[in-house]
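**Student:** Prediction below, plus the sequence it came from.
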Amino acid sequence: MALEPTQEQQAACEVFGADQDLALIAGAGTGKTSTLMLMAAGTPKRGLYVAFNRAIADDARRRFGSNVDCRTAHAVAFRAVGWRFKGRLDASARVPAWVTASILGINRQLDIGARKVTVNHQARLVTGMIRRFCYSADRQVLARHMEYVNGLEDEEQEFVARVLLPFAVRAWEDISSPKGQLRFEHDHYMKLWAMGNPVLPADFVLLDEAQDTNPVLEEIFLNQPAQRVCVGDPAQQIYAWRSARDVMTGFPAEQLPLTQSFRFGPQIAAVANRWLRHADSNMQLSGCGPEGSRVGTAAQPDAVLCRSNADAMAEVLKFLDLGVPVALTGGGEALNRIANAALELKEGKRTSHPELFLFASWGEVQEYVERDKSGQDLKAIVSLVDKYGPHQIIDAVNRLSSEDRAQVTVSTAHKAKGREWSSVRIGAGFVAPGVDEDGRPRLLDPAEARLIYVAVTRARQLLDVEKLAWIEDYEKSIVGDARGDDADPRLVELPLTAQLKHPASPVCHFMAEHLPSTVPLVQDLQQRIRALPRPVQPSDVQYPQWWALGHAIDYRLRLSLGSGPGNALTSGIALAGSSEPPRGAPAPEGRAALRAAGAELLKAFDSWLATPGSLGEETLIRLAFVAAYFEDVYRTGTFRRHSMLADASEETTLADLSARVPAYAVEDISQQMQLAEEPFAAFRALPPAARICGPEFSGSADLGGADADFILGGLLLVCKAAREPRRLGREEIYQLAGYLLLDYDNVLGIDRVGLYLSRQGGLVTWGVEDFLRRLGATAPLARLRARFRDHLKDATSLPAAPQSAPPTAADRAIAHVAGSTG
Ligand SMILES: Nc1ncnc2c1ncn2[C@@H]1O[C@H](COP(=O)(O)OP(=O)(O)OP(=O)(O)O)[C@@H](O)[C@H]1O
């Protein structure tokens, strides 16, 4: 290959050549395939390149040397196990919904208020559950694999998911049995393959587009014993809403950037960099692309990129009016289906469209989107249909040209992913965030900024961003706003855990300088987690309240160690019942009732501690769950929409609250407590003085707060109710390091640190010396503590740094939660 590698590409080749795992953070147009080819060309080892789709795999096959096998994940799975199902794949291609229903034994319509979920629709929902299960890393089908059903209230969703779960379990049994009769899909053999913990036949694995990876593939990749390289651009992650994952962030390996873009020149790079900043990315691109590449007006662009389908339709209609042949990426089939469904509903007929099947008329759909806050996708559909009418949409779709014949291609930004055109105009739909109830500018959502970054980086020669001109005013408005009294994010005032989410915080600066190498510890942690059983989790609830379960298990564990519930609960009760209530609080009578219920709760815990066994396990778990809701008021400073405390009335009592604790919560906490039985037995046997729950450190006040879970016989322990423990890593390691350093004068006598994984009953611990050595500590512990103290004191005494760049959404979101503790 004639390419002269850039320094960044060279660096990547060197790390690869040293047989190390690697995350290649490759900005738009920075030549990632070329870089992977350079790497692979330097070794005789056998590699597997896992491509995002078949076209990319085909292209890669032509470019890589013969030592690299280039396939999609499905193709790898087909070769391993899928071929055995070839006959079924072909034979079952068309199993109608009524046959599926009959095979599964679904034979009764579900009447939910005025809505009717027919037998066929139940079969379709079950099929959808299986599909989502196949994308997940879960080992069993769960109620929460059911997609959101437009037209149902929250409790109705839960009900349908619970009713359908046994059918979904049966469906998976059928699919995975050799004699199965249900439709067999490509995702099914992929999942069957994944559940066998496959080892990929290669010395090194290259995972492409790693910022948008299905959890099922993510798990396979992370479990490989081979050398692992993931490549992609976290700032281009735009499919999080489809549960795609960014494998790169947190991957325990060296992270190397590719920042020289060969796609466009400096002007377009400057636009991209602006959006990267709003997307909370540290990356900044340099434009090394074609001569003459510029930002300006594109009178006849090759592509127009819009926010939504409705925005794209508006552009399409304008071009059709002008007689310009226009294409729509992905074709118009989806729009056609929506328009036809709307026609059916307008004519008073039912439709089988998956987004609309529960409605009896178009009026019902309109009314539902007005009322319901969660149906954003549906809102977009309704506004499209209402704006243009089904007939005009169908007519426009019929007049679309194919891309090779069109003069211009219209696309949503989502569908433009991975594409590029010579000239691009940004079309309708990307709008400034507006203002909140107090008239303050709302923050630009980083996910929206990522989408815009994807859109503006599709152009090679000419980029027209006139429709994004609002960014100038937006940036000015938030800089002005940041000078307001409470919006200035003094990072040092944030609690430990919040600082760790922010690379510019004093804690992160200190860690990077003095404890720089998290990779070995994260690798060790991940390896030890892999040896543990899979996490327990609720199976028959669609939207478990994970946060409440997390707090509740902490309370239950504390009580089991003979300790009271701690300050967060007392503060939560005080805040929930206060005369100056937080947002979402109930009326004064309800708050008074909460105050009384809270006092009773504290008393109940006290009496249990005085006479363990005086309350049954279930009662105690229920109380711990109620305590979680009070704590949440303290941590978030608000009453959440679904908080059981939010609708308290003067009649509310502790007994009512604990009766409202859902059965899944009781079961889940009780399972976690059974898992804790053995690992916690030794802790319970310690003398009381050696069991410290919720310790505070001498340095806690030097940042916005820090209280760890436990110090048990010298072991500093942080409890994590993680459902996806493979996501634990750098932040958790630095959390432990932060607590360790905050005990400035060694009064707590910490000699070990570790994590307790309550859903697996697993303890992962390290001796302090070993921990610091692996982190690459620059000095012994005592000196590190002294430096940490000085560092935080210096940071506190500095005047607020002037804003060199506008604060990003993360800055402000973190400032918002500054009241919560670590
Ligand atoms: N070191 C280099 N010097 C000059 N041009 C390079 C270099 N590396 C890559 N390129 C050019 O950059 C362009 C894009 O490269 P490549 O095909 O590898 O990217 P990709 O995998 O399609 O993804 P992306 O462009 O998004 O990174 C190609 O035209 C390639 O020749």
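**Tutor:** That came in fine, so what should we check first?
**Student:** residue ranges of the strands in the stretch 1-150 of the chain, please?
**Tutor:** Ranges of strands in the stretch 1-150 of the chain, per DSSP state E, counting those that start in this stretch, are 22-26, 47-51, 68-72, 110-112, 115-117.
**Student:** now, of those, which is deepest in the fold?
**Tutor:** Comparing those by mean neighbour count (mean count of other Cβ atoms under 10 Å), strand 22-26 comes out on top with a mean of 26. The way it works is simple: take the backbone N, C-alpha and C, and place the C-beta from them, glycine included.
**Student:** Of all the strands of the stretch 1-150 of the chain, which one is nearest the ligand?
**Tutor:** The ligand lies closest to strand 22-26 among those, at 5.3 Å (Cβ to the nearest ligand atom).
**Student:** Now tabulate the strands of the stretch 1-150 of the chain in CSV and tack on distance to the ligand and mean pLDDT.
**Tutor:** Shown next, in CSV, are these (distance: least, Cβ to the nearest ligand atom, whole Å; pLDDT from 0 to 100):
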stretch, distance to the ligand, mean pLDDT
strand 22-26, 5, 96
strand 47-51, 10, 96
strand 68-72, 12, 96
strand 110-112, 47, 92
strand 115-117, 44, 89
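**Student:** In JSON lines: these, plus distance to residue 95.
**Tutor:** Shown next, in JSON lines, are the strands of the stretch 1-150 of the chain (distance: least, Cβ to Cβ, whole Å):
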{"stretch": "strand 22-26", "distance to residue 95": "41"}
{"stretch": "strand 47-51", "distance to residue 95": "30"}
{"stretch": "strand 68-72", "distance to residue 95": "25"}
{"stretch": "strand 110-112", "distance to residue 95": "21"}
{"stretch": "strand 115-117", "distance to residue 95": "19"}
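**Student:** closest to residue 501 out of these?
**Tutor:** Closest to residue 501 of those is strand 22-26 (Cβ to Cβ; 18.0 Å).
**Student:** which residues are in contact with that closest one?
**Tutor:** Residues outside strand 22-26 that contact it (Cβ atoms under 8 Å, 6 or more residues apart in numbering): 12, 15-16, 32, 35-36, 210, 228-234, 247-248, 251, 253-258, 283.
**Student:** Centre of the chain to it, how far?
**Tutor:** Remark: strand 22-26 is offset 19 Å from the chain centroid, using Cα atoms, centre = their mean, to the nearest Å.
**Student:** Adjacent strands (with direction) for that strand?
**Tutor:** Within its sheet, and counting by DSSP bridges, strand 22-26 is paired with strand 227-232 (parallel), strand 254-258 (parallel).
**Student:** which residues touch the residue of the stretch 501-650 of the chain found nearest the ligand?
**Tutor:** Across the stretch 501-650 of the chain, no residue is closer to the ligand than residue 503, which sits at 23.9 Å (Cβ to the nearest ligand atom). Applying Cβ under 8 Å, 6+ apart to residue 503 gives the contacts residue 282.
**Student:** quick one: low-confidence parts of the stretch 1-150 of the chain?
**Tutor:** Residues of the stretch 1-150 of the chain meeting the criterion pLDDT under 70: 1-2.
**Student:** same thing but 90
**Tutor:** Applying pLDDT under 90 to the stretch 1-150 of the chain flags residues 1-3, 52-53, 55, 86-97, 113-116, 148-150.
**Student:** How about the stretch 401-550 of the chain?
**Tutor:** For the stretch 401-550 of the chain, applying pLDDT under 90 flags the ranges 417-418, 428, 434-443, 476-495, 498, 501-505.
**Student:** ok now do the residue in the stretch 51-200 of the chain that the ligand sits nearest to, which residues does it touch?
**Tutor:** In the stretch 51-200 of the chain, the residue that lies nearest the ligand is residue 63 (7.8 Å; Cβ to the nearest ligand atom). Contact analysis of residue 63 by Cβ under 8 Å, 6+ apart lists 33, 37.
**Student:** State the distance from it to residue 32.
**Tutor:** Look at residue 63 and residue 32: by Cβ to Cβ, to the nearest Å, they are 12 Å apart.
**Student:** And residue 695, by the same measure?
**Tutor:** Taken as Cβ to Cβ, the span from residue 695 to residue 32 is 46 Å.
**Student:** go on, residue 351?
**Tutor:** 43 Å.
**Student:** do the same with residue 278
**Tutor:** Noted for residue 278: a distance of 23 Å to residue 32, by Cβ to Cβ.
**Student:** which ones among the contacts of strand 22-26 come in contact with the ligand?
**Tutor:** Near the ligand, judged by Cβ under 6 Å from any ligand atom, the entries from these are residue 32.
**Student:** Tell me the residues on the stretch 151-300 of the chain that lie near the ligand, please.
**Tutor:** 262, 263.
**Student:** Let me see the ranges of the helices in the stretch 151-300 of the chain.
**Tutor:** 154-176, 186-195, 215-222, 266-278 (DSSP state H, counting those that start in this stretch).
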